[in-house]
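K.L.:
quick one, what's the 3D model for this:
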Amino acid sequence: MEYKFEYKKPINYTSAGSVPKSVYSDGADEEKNKIPILFTPLKIKNIELKNRFVVSPMCQYSSKDGYFNDFHFGHYTSFAKGGSGLIVIEATGVVPEGRITYGCTGLWKDSQIEGLKRIVDFSHEFDAKVGIQLAHAGRKASNEVPYLDGSRNSHLTIPFDHPSGNGWKVYGASPIPWNEAMAVPIEMTIEDIENVIGAFKSAAERCIKAGLDFIEIHGAHGYLISSFLSTTSNKRTDSYGGSFEGRIKLLLDVIKAVRSVWTTEKPLAVRISADECVRESDGTESPLNGWNINDSIRLASILEQYDVDLLDPSSGGNNKLQNIKPVPLYHVPYSSAIKNSITERSGKLLVSAVGLIDTAENSESILKSGNADLIFLGRPYLRNPFLPIEFAKQLNLKIDYAPQYQHARNSSLLYSSK
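P.N.:
Below is the predicted model of the structure:
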């Protein structure tokens, strides 16, 4: 049965994850100083996020034939009840062969809309906005589900003719495999590329029917668009290769196709790997590094011209020679460099921060320093879907809980029922 909150909400109640009205001071300046940026609203085009918490897209590998099911409903709606401002649903294939694994979600046919819409509608009841990451895995497609025995980090392609039926032919920018254990991708023809661009457009149309608030195009981690960006994986000699302009053409064509239906008032984001992270032994950039932060800064200025609202920088994933040492906040320097370049040219493109951000203090410091506008959080949300409550406690801040969970609060923080 569909859930609707049809009761009168408590006095001074705002929404889960928001600072209650009773905490607001009388003076606007005092109010601004009192409330951490992490818990302040942010307007992006036609939506307003109630806070800066974003559930980062994280593959769950729990789908059959791309459909969203009860697992996805329970998983994503827990973040809505927990007070998240924006929930970005996992990398979702725009075509069947664009999935990383046979367990990935998809949006290549209309019958996949219903399960997604159910998640969106329920989450909206808790004033959470919902987005999705549209994706094509390219040469890293047709993999085994990574949490199964022996498959973690195997990067082993399931052959298209495997008796399980769980594999398919793999396509990419050039016939260069990610590693020796993965299939050599079939180099995409212009017709193949045009079909994929059309599939992104069709998926965006389904996003509208599902009621989604936000779309992120996946251009990171070595998947299809990412592999087109890099000189190490794109050796094409046609209009989709060679120069910087050629290598970013697929991404720009996808953006244009999506924007033709996902109109300008709706927020659009792009995730990229800001650096391929191939280094020499002394830490300097290797000649084999096919994409770096300077390329990302250059791309950021172009994306703004294409009506992109948010750039979501991560790193790596496109080169087996990468040397990444994950430490807390290890992606923040990329966000900072891109954000500074945008500020210097008086640009309006928003930038997020992601990558081992585990505390409220770190999140708030990133926002206060101007290194990013939003905080994308992944693993911390898997540990605690009610992360805004945990971070509010770390900041000694009163926030609203979902109405049904108000009694979990200290009794001194409960609202009047009048």
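K.L.:
for Glu304, see how far away the residue most central in space within the chain is.
P.N.:
Nearest to the mean C-alpha position of the chain, by C-alpha atoms, centre = their mean, lies Pro57 at 4.3 Å. Distance, Pro57 to Glu304, by C-beta to C-beta, to the nearest Å: 22 Å. In short, each C-beta sits where N, CA and C put it, glycine included.
K.L.:
what residues of stretch 186-193 count as buried?
P.N.:
For stretch 186-193, a neighbour-count test (16 or more other C-beta atoms under 10 Å) marks Met188, Ile193 as buried.
K.L.:
and that stretch, what's its mean pLDDT?
P.N.:
What stretch 186-193 shows for mean pLDDT is 98.
K.L.:
what does stretch 371-381 give?
P.N.:
Averaging pLDDT along stretch 371-381 gives 97.
K.L.:
what residues does that stretch touch?
P.N.:
38, 42, 49, 52-56, 58, 79, 84, 86, 88, 310, 312, 332, 335-336, 339, 350-354, 356-358, 363, 366-367, 387 (C-beta atoms under 8 Å, 6 or more residues apart in numbering).
K.L.:
which ones among those residues lie within helices?
P.N.:
Among the contacts of stretch 371-381, the members falling in helices are Phe79, Val332, Ser335, Ser336, Lys339, Ser363, Ile366, Leu367, Leu387 (criterion: DSSP state H).
K.L.:
who's in contact with the last one?
P.N.:
The contact partners of Leu387, by C-beta under 8 Å, 6+ apart, come to Phe53, Gly82, Ser84, Leu377, Pro380, Tyr381.
K.L.:
ok, now how distant is Ile186 from Thr237?
P.N.:
17 Å.
K.L.:
now swap in Ala128 and tell me
P.N.:
Noted for Ala128: a distance of 46 Å to Thr237, by C-beta to C-beta.
K.L.:
do the same with Arg139
P.N.:
18 Å.
K.L.:
neighbour count winner among the two?
P.N.:
Using other C-beta atoms under 10 Å as the criterion, Arg139 and Thr237 rank with Arg139 on top: 27 against 9.
K.L.:
follow-up on the earlier one: now restrict the contacts of stretch 371-381 to buried residues only.
P.N.:
Using 16+ other C-beta under 10 Å, the buried ones in these are 38, 42, 49, 52-56, 58, 79, 84, 86, 88, 310, 312, 332, 335-336, 339, 350-354, 356-357, 363, 366-367, 387.
K.L.:
please flag which of these sit within strands.
P.N.:
Of these, the ones assigned to strands by DSSP state E are 42, 49, 53-55, 86, 88, 310, 312, 350-353.
K.L.:
and which of those is nearest to His75?
P.N.:
The closest of these to His75 turns out to be Val55 (C-beta to C-beta; 9.8 Å).
K.L.:
isn't that closest one up against Ile87?
P.N.:
Yes - between Val55 and Ile87 there is a contact under C-beta atoms under 8 Å: 4.4 Å.
K.L.:
which residues do the two both contact?
P.N.:
Joint contacts of Val55 and Ile87 (C-beta under 8 Å, 6+ apart) are Tyr76, Phe79.
K.L.:
packing partners of the longest helix seen in the chain?
P.N.:
In the chain, assigned by DSSP H, the helix with the most residues is helix 190-210. Counting contacts by 3 or more C-beta pairs under 8 Å, 6 or more residues apart in numbering; DSSP states H and E, helix 190-210 is packed against helix 113-124, strand 129-135, strand 214-219, helix 249-259.
K.L.:
next, the buried residues of that helix.
P.N.:
193, 196-197, 199-207, 210.
K.L.:
same thing with stretch 248-260?
P.N.:
Neighbour-count burial for stretch 248-260, counted by 16+ other C-beta under 10 Å, picks out Ile248, Lys249, Leu250, Leu251, Leu252, Asp253, Val254, Ile255, Ala257, Val258, Arg259.
K.L.:
and the contacts of that stretch?
P.N.:
The contact list for stretch 248-260 (C-beta under 8 Å, 6+ apart) reads 134, 173, 193, 196-198, 200-201, 204, 215, 217, 219, 224-225, 228-229, 239-240, 268, 270, 299, 302-303, 306-308.
K.L.:
what's the PyMOL syntax to select whichever of those residues are buried?
P.N.:
Per 16+ other C-beta under 10 Å, the buried members of the contacts of stretch 248-260 correspond to this PyMOL selection:
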select buried, resi 134+173+193+196+197+200+201+204+215+217+219+224+225+228+229+240+268+270+299+303+307+308
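K.L.:
ok, Phe386 - how many residues close by?
P.N.:
Count around Phe386 with other C-beta under 10 Å applied: 21.
K.L.:
could you list every residue that touches it?
P.N.:
The contact partners of Phe386, by C-beta under 8 Å, 6+ apart, come to Ser78, Lys81, Gly82, Gly83.
K.L.:
how about low-confidence regions in the protein?
P.N.:
Along the chain, the model assigns pLDDT under 70 to residues 7, 22-33, 149-154, 410-418.
K.L.:
again, only using 80
P.N.:
Scanning the chain for pLDDT under 80 picks out the ranges 1-12, 21-34, 149-155, 409-418.
K.L.:
returning to that earlier point: let's have the helices and strands packed on helix 190-210 in CSV, adding distance to Tyr13.
P.N.:
CSV is the format used below for those (distance: least, C-beta to C-beta, whole Å):
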stretch, distance to Tyr13
helix 113-124, 17
strand 129-135, 19
strand 214-219, 25
helix 249-259, 37
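K.L.:
so which of the ones you listed gets nearest Leu288?
P.N.:
So among these, strand 214-219 is nearest, using C-beta to C-beta, at 20.4 Å.
K.L.:
the closest one packs against which elements?
P.N.:
Packed next to strand 214-219, using 3+ C-beta pairs under 8 Å, 6+ apart, are strand 86-93, strand 129-135, helix 190-210, helix 224-229, helix 249-259, strand 268-273.
K.L.:
the ones you listed: which one's closest to Gly167?
P.N.:
Closest approach to Gly167 among those is made by strand 86-93 (14.3 Å; C-beta to C-beta).
K.L.:
show me what the closest one is packed against.
P.N.:
Counting by 3+ C-beta pairs under 8 Å, 6+ apart, strand 86-93 packs on strand 53-55, helix 70-81, helix 113-124, strand 129-135, strand 214-219.
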